[in-house]
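Peer 1: Everything below, folded, please.
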Amino acid sequence: MSDMIKMEKVSFLENFQLEILLTDGRICSYDLRPKLKTVRFYDLDTWDAFSSGFLKRGLFICWNNGVELSIDEILLDGKTDKEILG
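Peer 2: Residues are numbered from 1 along each chain as shown. As a prediction, this is how the structure comes out:
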């Protein structure tokens, strides 16, 4: 299990974008805008709510309202630096 990829750092950017540094050195970009229309994420539609997220054990991005976004979702739906650059 030591080879498991985790999130090392998360940055909250304009337009509800997440930039995630992974433990394998890749950077993943995640656009949260489409999810803001869902029941699960609609409470994060302000900058204050969105930017208050934090990492939990390197496996989840969590918010104070109980919403979590897992590394599995990020790797599945996000774009890594290789996909972004070319």
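Peer 1: Asn65 and Ala49 touch, don't they?
Peer 2: Yes - when contacts are counted by C-beta atoms under 8 Å, Asn65 is listed as touching Ala49 (7.2 Å). For the C-beta atoms, the positions are set from N, CA and C on the backbone; glycine is no exception.
Peer 1: which neighbours do these two share?
Peer 2: Asp43 (C-beta atoms under 8 Å, 6 or more residues apart in numbering).
Peer 1: who has more neighbours, those two?
Peer 2: Each of Asn65 and Ala49 has its neighbours counted (other C-beta atoms under 10 Å); Ala49 has more, 16 against 10.
Peer 1: how close does that one sit to Ile27?
Peer 2: According to C-beta to C-beta, to the nearest Å, Ala49 and Ile27 sit 24 Å apart.
Peer 1: now swap in Ile61 and tell me
Peer 2: Ile61 is 15 Å from Ile27, by C-beta to C-beta.
Peer 1: likewise Ile5?
Peer 2: For Ile5, the distance to Ile27 equals 12 Å [C-beta to C-beta].
Peer 1: again, but for Asn64
Peer 2: 25 Å.
Peer 1: These two: which has the busier surroundings?
Peer 2: Ile27 (17 against 10).
Peer 1: So what sits opposite the more buried one in the bridge?
Peer 2: Bridge pairing for Ile27 (DSSP bridges) gives the partners Leu21.
Peer 1: Provide the secondary structure category for Asp72.
Peer 2: With DSSP: H, G, I helix; E, B strand; the rest coil as the basis, Asp72 sits in helix.
Peer 1: Checking my notes, Asp48 in a strand, right?
Peer 2: No - Asp48: not assigned to a strand; according to three-state DSSP it is helix.
Peer 1: Where do the helices of this structure begin and end?
Peer 2: Ranges of helices in the chain, per DSSP state H, are 47-50, 71-77, 81-85.
Peer 1: pLDDT wise, what is Leu32 at?
Peer 2: Looking at Leu32, its pLDDT stands at 96.
Peer 1: List the contacts of the closest residue to it other than its chain neighbours.
Peer 2: Sequence neighbours aside, Phe16 is the residue nearest to Leu32 in space, at 4.3 Å (criterion: C-beta to C-beta, 6 or more residues apart in numbering). With contact set as C-beta under 8 Å, 6+ apart, Phe16 has these partners: 31-33, 36, 44, 50.
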